[in-house]
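1. I would like to see how this sequence folds:
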Amino acid sequence: MARGNCLFLSALELTVEFPTWYIPEIKVKKTLLALVILFTFLAQGYAQEIETLRQKIDNIITAKKATVGVAINGIKIKDTLSINGQKHFPMQSVFKFPIALTILSEIDKGNLSLDQNIDINKDELLPGLWSPIRKKYPEGVTLTLGKTIEYTVALSDNVGCDVLLKLLGDPQAVENYFSSLGFKDFEVKINEETMQNNWELQFLNWTTPKEANKILATFYENKNGLLSQESYDFIWDVMKGTQTGKNRLRGQLPEETIVAHKTGWSGKHKETGITAAVNNIGIVFLPNGEYFTISVFITDSEEDLEASEKIISDISRAAWDYFIDH
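-> Reported below is the predicted structural model:
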């Protein structure tokens, strides 16, 4: 029997002679002591279980020339882990998911509609921005708001992103919305055009791994009805259809695994070769119907893109294995 179990049984089996008038009080104290030891024993067991996952992740990131932030949450309280969980990381395109949620909040208020037409003019199709919209419609196009969100989230379209921000007034509107919901470790100050044209400014749009997980869980669980059913179904279908980052969270998972996720990438600094952001946040659905949320942010990296993506896929696979076994 394990040492902890022996300690627990000893506490339960302890007998001491006391006057009969004192026995009820002693029994109460013994019961409380037994409960305290029991809960301590269970907590230590849970901590040891999740610590095996932490050790695996530590082994994955220790020798890497990069700063890695990780947050993982299962549906049970014991299945919680973070590494650099409170550190500020530049979001890059990860912020397109919160932008879409802010747009959907306006739709649910009746201020916008998924079916309304959005004109994207040729002069908005800036050549320096990643844009599947520009590639398909080089002369400009009219898309529904719903289709613009799909391009922005599932394909990480930067033109679509800035069109959505214009609808909201400015990037600060996204931060204001999330601040009103109690999210404090989250800031959005600039759009894609500004971010892609000035390396240092990308750090103005930041969050933490723990806050990213909290955003994912809050809007997926939707306990407070933040999204209407139509908006809820729409955004999670879009997130499940994300086509970027196939070698990140999804990289080493079974092919049939459903992952609702959003990626972000800064590219390399031309002079230093440093990568400021290789990110992926998402919800991974398990075969038993449960799920876990996972956010991995990599910054200040000297690793190439392939190596950085493998860090994310290695962490995701380690988490998958942990939850499959537990």
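
2. pLDDT weak spots in the chain?
-> Within the chain, the ranges that satisfy pLDDT under 70 run 1-48.

3. quick one, strands of the chain?
-> 67-73, 80-83, 89-90, 117-121, 140-144, 186-187, 206-207, 259-265, 278-285, 291-299 (DSSP state E).

4. ok, which stretches of the stretch 101-250 of the chain are helices?
-> Ranges of helices in the stretch 101-250 of the chain, per DSSP state H, counting those that start in this stretch, are 132-136, 145-154, 158-168, 172-180, 192-197, 209-221, 229-240.

5. format the strands of the chain as a markdown table; extra columns: distance to Thr194.
-> In short, each C-beta sits where N, CA and C put it, glycine included. As requested, the strands of the chain are exported to a markdown table (distance: least, C-beta to C-beta, whole Å):
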| stretch | distance to Thr194 |
| --- | --- |
| strand 67-73 | 24 |
| strand 80-83 | 30 |
| strand 89-90 | 13 |
| strand 117-121 | 18 |
| strand 140-144 | 22 |
| strand 186-187 | 14 |
| strand 206-207 | 15 |
| strand 259-265 | 16 |
| strand 278-285 | 19 |
| strand 291-299 | 19 |
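
6. could I get these as TSV with mean neighbour count?
-> Formatted as TSV, the strands of the chain follow (neighbours: other C-beta atoms under 10 Å):
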stretch	mean neighbour count
strand 67-73	24
strand 80-83	18
strand 89-90	24
strand 117-121	14
strand 140-144	15
strand 186-187	22
strand 206-207	26
strand 259-265	24
strand 278-285	26
strand 291-299	26
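
7. check contacts around Asn197.
-> With contact taken as C-beta atoms under 8 Å, 6 or more residues apart in numbering, Asn197 is in contact with Gly128.

8. and it, how far from Gly169?
-> 21 Å (C-beta to C-beta, to the nearest Å).

9. run the chain-centre distance for stretch 271-280.
-> Relative to the mean C-alpha coordinate of its chain, stretch 271-280 is positioned 19 Å out (C-alpha atoms, centre = their mean, to the nearest Å).

10. again with stretch 93-100
-> Here stretch 93-100 is found 11 Å from its chain centre; the criterion is C-alpha atoms, centre = their mean.

11. what's next to it, contact-wise?
-> Here stretch 93-100 makes contact (C-beta under 8 Å, 6+ apart) with 149, 152-153, 156, 158, 161, 164-165, 168, 174, 178, 186, 188, 192, 205, 207, 212, 215, 235, 238-239, 244, 262-265, 279-281.
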